[in-house]
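In: Sequence plus the predicted model coming up.
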Amino acid sequence: MNDIDTARNKVINREKAKPGLRGKINANCAYCIYDPFGSKGTWRQQVEECTSYDCPLYEVRPVSETYNALPLKGDLSNALPE
Ligand code: SF4
């Protein structure tokens, strides 16, 4: 296991240990997108910037309250195909 896997697994293991589905969803998103050494921010910031609009977890991916308050950031109405 390399350093990236070790750093990423630390977040994944912490999140998936939380009770309920929220932690498991968080862990899955971290597993999917998080690059701990990519200079793209924290795991949550990287998940916030996810653009896989067709992912079944997109609407429930972990985002901050600040992110949700930004205009258009959480609005998918113009992003999804008709
Ligand atoms: S919402 Fe984005 S980060 Fe989360 S699992 Fe789907 S594609 Fe991956």
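Out: That came through fine.

In: Flag every buried residue along stretch 29-47.
Out: Applying a neighbour-count criterion of 16 or more other Cβ atoms under 10 Å, the buried positions in stretch 29-47 are Cys29, Ala30, Ile33, Tyr34, Pro36, Trp43, Arg44, Gln46, Val47. Where C-beta positions appear, they are placed from N, C-alpha and C, glycine not excepted.

In: nearest spatial neighbour of the residue most central in space within the chain, skipping sequence neighbours?
Out: If you average the C-alpha coordinates of the chain and look for the closest C-alpha using Cα atoms, centre = their mean, you land on Val47, 2.7 Å from that point. For Val47, ignoring the flanking residues on the chain, the nearest one in space by Cβ to Cβ, 6 or more residues apart in numbering is Cys29 at 4.5 Å.

In: do the strand or helix carrying that neighbour and the ligand meet at all?
Out: If you go by DSSP states H and E, Cys29 is part of helix 20-33. Yes: part of helix 20-33 sits close enough to the ligand to count as contact by Cβ under 6 Å from any ligand atom, namely Asn28, Cys29, Cys32, Ile33.

In: how far away is the closest residue to the first one other than its chain neighbours from Asn2?
Out: What that stands for is Asn28. With sequence-adjacent residues excluded and distances taken as Cβ to Cβ, 6+ apart, Asn28 is closest to Leu57, at 6.6 Å. Distance, Leu57 to Asn2, using Cβ to Cβ, to the nearest Å: 26 Å.

In: Which one's more surrounded, these two?
Out: More neighbours sit around Leu57 than around the other of Leu57 and Asn2, counting by other Cβ atoms under 10 Å; the figures are 15 against 7.

In: so the residue nearest to Val47 touches Cys50, yeah?
Out: Yes: with contact defined as Cβ atoms under 8 Å, Cys29 counts as touching Cys50 (7.2 Å).

In: interface residues of this structure facing the ligand?
Out: Residues of the chain that fall close to the ligand, judged by Cβ under 6 Å from any ligand atom: Asn28, Cys29, Cys32, Ile33, Val47, Cys50, Ser52, Cys55, Leu57, Tyr58, Arg61.
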